[in-house]
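Participant: Compute the structure for the input listed below.
(one chain, ligands or ions: 1)
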Amino acid sequence: MPPPYTLAYADRATRHKNPAAKLLLETIHRKRSNLAVSVDVTQSSDFLAIIDAVGPLVCLIKTHIDILEDFDSNLINKLVELSKKHDFVIFEDRKFADIGNTVALQYSSGVHKIASWSHITNAHPVPGPSVISGLAAVGLPLGRGLLLLAEMSTKGTLARGEYTDDAVRMARSNSEFVIGFIAQRRMDGLGLGPSEAKLDEDFLILTPGVGLEVKGDAMGQQYRTPDEVIRQNGCDVIIVGRGVYGTNLKDVEAIRQRAERYRQEGWDAYLKRTQS
Ligand code: 5BU
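Facilitator: Numbers count the residues shown, from 1 in each chain. Below is the predicted model:
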C-alpha cells in the first residue's frame, strides 16, 4: 500500500479519521484549491471584504484574530457565515506555547473563544506533549484539529534538526488530534521519518512563506514559489498573505486576481507532483 500522503487529496479525505482534516482535504478536492489565504489586516471591514473576495478560490482562511482593532463577537458570526457561503475551512494561527491548563483556557475562553469557531489551530511543540493534551481536552470533543509548528519560514529559526524530529514524534503519539504540521517540506522528502512511520499515518503539511514577486521582507520572512513548496518539497497547502492582499486593501478585484494566480500555480504544482 502506498503511503497515504502520496495519494490524491480526495482519497486521503475518505481515509482520514479527524473531522477537521477530512473537511480540509474534501474542500481542497472540491474546489481544486490548495491555497490558504492569511488575512493579516487590522480593520474588520477590510478583513471581511478580502475574505468575501478570495473565499471562492481558497480551501482555507488563516486568521490572526488578535490583530483586529475593532474585534467584537459579531465578527465571528460574519466569518462563520462567509465560511459557509464560500465553503472554506478556518485556521486561527494562534501558536499556543504554554502549560496544558493555560492553553486550554486560552483556546476555549477569553474574548476570542477560538475553539468555538476555528476548525484548526496550531501550537509550538516547545512545552512538550502537555500542550497537546491541554488543547485536545477542549478541541477533540468539538471535532477540531491541531497543527504542530515543526519548522518556520523565518531566517535563523531554531525549529530544525532534532527539534523538528521530536515534533514529529509528538504528533505520532497524539495523531487523533494532531493532523499535521506547519513546516517547509514533507520531512526528509520521503515521508515523516520512514523508520518510525506507521503505514496509515497521514499528516498534512501547511506551508507559509510563499510569494511569487519577492524573496522575503525586511523582518526575516523568506518566500518560495508554489511549485517549490508543493511539487519540489511535497507540502499540501500553500499559505499566502501579503502576496495576495498586497498594499491596497480596497482594491478587492486585484486581490481576487492575485488569489486566482496562486490557486492556479498551487494546483498545477500538485497535478505535476501526483502525475509524474
Ligand atoms: P505573508 O504576508 O505571506 O508573509 O504572511 C505569512 C503568514 O504566515 C503570517 O500570518 C505569519 O504569521 C504566518 N507564518 C509565517 O509566515 N511563517 C511561519 O513559519 C509561521 C507562520 Br509558523
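
Participant: how deep is the residue in the stretch 51-200 of the chain that the ligand sits nearest to tucked in, by neighbour count?
Facilitator: Per CB to the nearest ligand atom, M152 is where the stretch 51-200 of the chain lies closest to the ligand, at 3.3 Å. All C-beta spots, glycine's among them, are computed from the backbone N, C-alpha and C. Residues contacting M152 under the criterion other CB atoms under 10 Å number 21.

Participant: If we ignore the residues flanking it in sequence, what's nearest it?
Facilitator: With sequence-adjacent residues excluded and distances taken as CB to CB, 6 or more residues apart in numbering, M152 is closest to A159, at 5.1 Å.

Participant: Q184 versus the one you found, what's the distance?
Facilitator: 10 Å (CB to CB, to the nearest Å).

Participant: Of the two, which one has the most company?
Facilitator: Q184 (24 against 19).

Participant: got a list of what the more buried one touches?
Facilitator: Neighbouring residues of Q184 by CB atoms under 8 Å, 6 or more residues apart in numbering: 151-153, 207, 209, 224, 229, 233, 235.

Participant: shared neighbours of A159 and Q184, anything?
Facilitator: 151-152.

Participant: related to what we said a few turns ago, and the residue of the stretch 51-200 of the chain closest to the ligand, backbone torsions?
Facilitator: phi -130, psi 160 (degrees, to the nearest 10).

Participant: quick one: the strands in the stretch 151-276 of the chain?
Facilitator: In the stretch 151-276 of the chain, the segments counted as strands under DSSP state E, counting those that start in this stretch are 178-182, 204-207, 237-240.

Participant: Where does pLDDT dip in the protein?
Facilitator: 1-2, 188-199 (pLDDT under 70).

Participant: coming back round to it: neighbour-wise, which of the contacts of Q184 leads?
Facilitator: C235 (30 neighbours).

Participant: Angles on the backbone of the nearest residue to T42 once chain neighbours are set aside, please.
Facilitator: Spatially, and ignoring its direct neighbours in sequence, T42 is nearest to E69 (4.9 Å; CB to CB, 6+ apart). In terms of degrees, to the nearest 10, the main-chain angles of E69 are phi -80, psi -30.

Participant: how many other residues sit next to E69?
Facilitator: E69: 8 neighbours (other CB under 10 Å).

Participant: before we move on, back to that, tell me which of the contacts of Q184 is nearest to I99?
Facilitator: Of all the contacts of Q184, I99 sits closest to M152, with 21.9 Å by CB to CB.

Participant: Quick check: that closest one vs I114, distance?
Facilitator: Applying CB to CB to M152 and I114 gives a distance of 21 Å.

Participant: for the nearest residue to G243 once chain neighbours are set aside, what are its contacts?
Facilitator: Closest residue to G243 apart from its sequence neighbours, by CB to CB, 6+ apart: G211 at 4.3 Å. Residues in contact with G211, defined by CB under 8 Å, 6+ apart, are 223-225, 240, 242-243.

Participant: In space, what's closest to the residue in the stretch 151-276 of the chain positioned nearest to the ligand - neighbours in sequence excluded?
Facilitator: With CB to the nearest ligand atom, the shortest gap between the stretch 151-276 of the chain and the ligand falls at G241, namely 2.6 Å. Counting by CB to CB, 6+ apart, S38 is the residue found nearest to G241 once chain neighbours are left out, at 3.7 Å.
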